[in-house]
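Peer 1: here is the input, now give the coordinates:
(one chain, ligands or ions: 2)
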Amino acid sequence: MTYVVGVTGGIGSGKSAATAEFEKLGITVVDADIVARQVVMPGTPCLRAIAEHFGRDLLTDKGELDRKALRQKIFSDPAEKDWLNSLLHPAIREEILAQLEQACSPYVILSAPLLLENNLDKYCQRVLVVDVSEELQLQRTIRRDESPKEEVEAIMKAQLSRDARLLKADDILNNEGSIGELRQQVNQLHQRYLSATVAQEE
Ligand SMILES: CC(C)(COP(=O)(O)OP(=O)(O)OC[C@H]1O[C@@H](n2cnc3c(N)ncnc32)[C@H](O)[C@@H]1O)[C@@H](O)C(=O)NCCC(=O)NCCS
Ligand SMILES: Nc1ncnc2c1ncn2[C@@H]1O[C@H](COP(=O)(O)OP(=O)(O)OP(=O)(O)O)[C@@H](O)[C@H]1O
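Peer 2: Ligands and ions are numbered 1, 2, ... in the order given. Okay, here's the model as predicted:
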């Protein structure tokens with residue numbers, strides 16, 4: 001059975017920065033944010049349903065999803081967010097499971113911002129939470145996305161609180177320091193996960 005490590009953390013906590021380090025060590029990463037883009041590619045049933053529900057204004061001239069416009073819409077209207085989640089989450093889960101099945105590194109990372117909210121941790125042997133203070137999360141996300149503070153706060157409210165997430169962690173990666181410090185922690189965790197994989201096989 002594939003040993004799956006679930007990686008989660010709130011928006012801007014550093015999941016992608018952390019999983020990039022695991023990838024450098026040869027570990028396959030299945031990333032729910034990437035899968036969420038795959039299921040709304042032009043021609044997919046999900047993109048058609050979004051265009052029917054919200055109107056063609058939500059598509060760009062090229063017929064792709066206008067992600068910025070959809071982000072503004074769903075994080076200012078909880079009912080629209082619930083509608084989108086109920087459309088996309090089953091499709092995302094199905095594709096994640098297919099990608100996990102194909103993965104073949106010693107263990108596999110499943111990275112998902114909503115890992116715990118959507119019970120995806122049931123497919124994981126271990127849960128690693130990437131943790132930073134809410135202030136730093138806000139600051140790094142605003143800088144990365146050039147989004148208004150209120151929008152990032154609304155996204156944070158749509159996710160588990162920092163405390164609730166930490167309660168469900170098997171391992172915690174503190175990402176308040178430099179990328180070098182993050183890399184060091186990933187290297188240590190990698191050794192532990194490799195040992196756990198070997199132990200599982202014995
Ligand atoms: C609303 C969309 C189009 C915005 O796209 P955009 O390119 O601006 O952001 P991106 O997809 O990179 O997401 C950025 C971050 O927002 C947060 N986020 C995204 N969707 C959600 C959601 N439904 N609920 C809570 N937080 C979310 C996550 O922390 C995510 O890492 C997009 O996030 C989306 O399709 N969301 C619904 C699918 C989903 O739930 N994805 C999360 C992975 S399961
Ligand atoms: N240790 C660090 N020091 C400085 N900047 C960092 C550090 N870790 C991450 N960042 C930066 O913070 C921002 C958020 O990090 P990242 O994109 O990895 O978060 P994420 O958890 O994947 O976010 P999302 O949930 O939106 O996908 C990025 O611009 C990234 O380059």
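Peer 1: tell me which stretches of this structure form strands.
Peer 2: Per DSSP state E, the chain carries strands over the ranges 4-8, 28-31, 108-111, 126-131, 171-174.
Peer 1: please work out the average pLDDT along the last one.
Peer 2: Along strand 171-174, the predicted confidence averages to a pLDDT of 98.
Peer 1: for the chain, what lies in contact range of ligand 2?
Peer 2: Residues of the chain that fall close to ligand 2, judged by Cβ under 6 Å from any ligand atom: 9, 11-17, 33, 113, 140, 144, 175, 178-179, 182. For every residue, glycine as well, the C-beta is placed using N, CA and C.
Peer 1: among those residues, which ones are in helices?
Peer 2: 15-17, 33, 140, 144, 179, 182 (DSSP state H).
Peer 1: need the contact list for residue 133.
Peer 2: Neighbouring residues of residue 133 by Cβ atoms under 8 Å, 6 or more residues apart in numbering: 162, 176.
Peer 1: can you tell me how far it sits from residue 13?
Peer 2: Using Cβ to Cβ, to the nearest Å, we find residue 133 at a distance of 10 Å from residue 13.
Peer 1: still on that earlier bit, of the ones in helices among the residues of the chain next to ligand 2 - the most surrounded one?
Peer 2: Highest neighbour count within these: residue 15, with 27 neighbours (other Cβ atoms under 10 Å).
Peer 1: can you redo the ones in helices among the residues of the chain next to ligand 2 as JSON lines, where the extra columns are pLDDT and distance to residue 27?
Peer 2: Listed next are these as JSON lines, based on pLDDT from 0 to 100; distance: Cβ to Cβ, whole Å:
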{"residue": "15", "pLDDT": "98", "distance to residue 27": "14"}
{"residue": "16", "pLDDT": "98", "distance to residue 27": "14"}
{"residue": "17", "pLDDT": "98", "distance to residue 27": "15"}
{"residue": "33", "pLDDT": "97", "distance to residue 27": "17"}
{"residue": "140", "pLDDT": "97", "distance to residue 27": "24"}
{"residue": "144", "pLDDT": "96", "distance to residue 27": "24"}
{"residue": "179", "pLDDT": "98", "distance to residue 27": "18"}
{"residue": "182", "pLDDT": "98", "distance to residue 27": "15"}
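Peer 1: closest to ligand 1 among those residues?
Peer 2: For those, the residue nearest ligand 1 by Cβ to the nearest ligand atom is residue 33; the value is 4.8 Å.
Peer 1: the closest one against residue 110, yeah?
Peer 2: No: Residue 33 lies out of contact with residue 110 (Cβ atoms under 8 Å); the separation is 11.7 Å.
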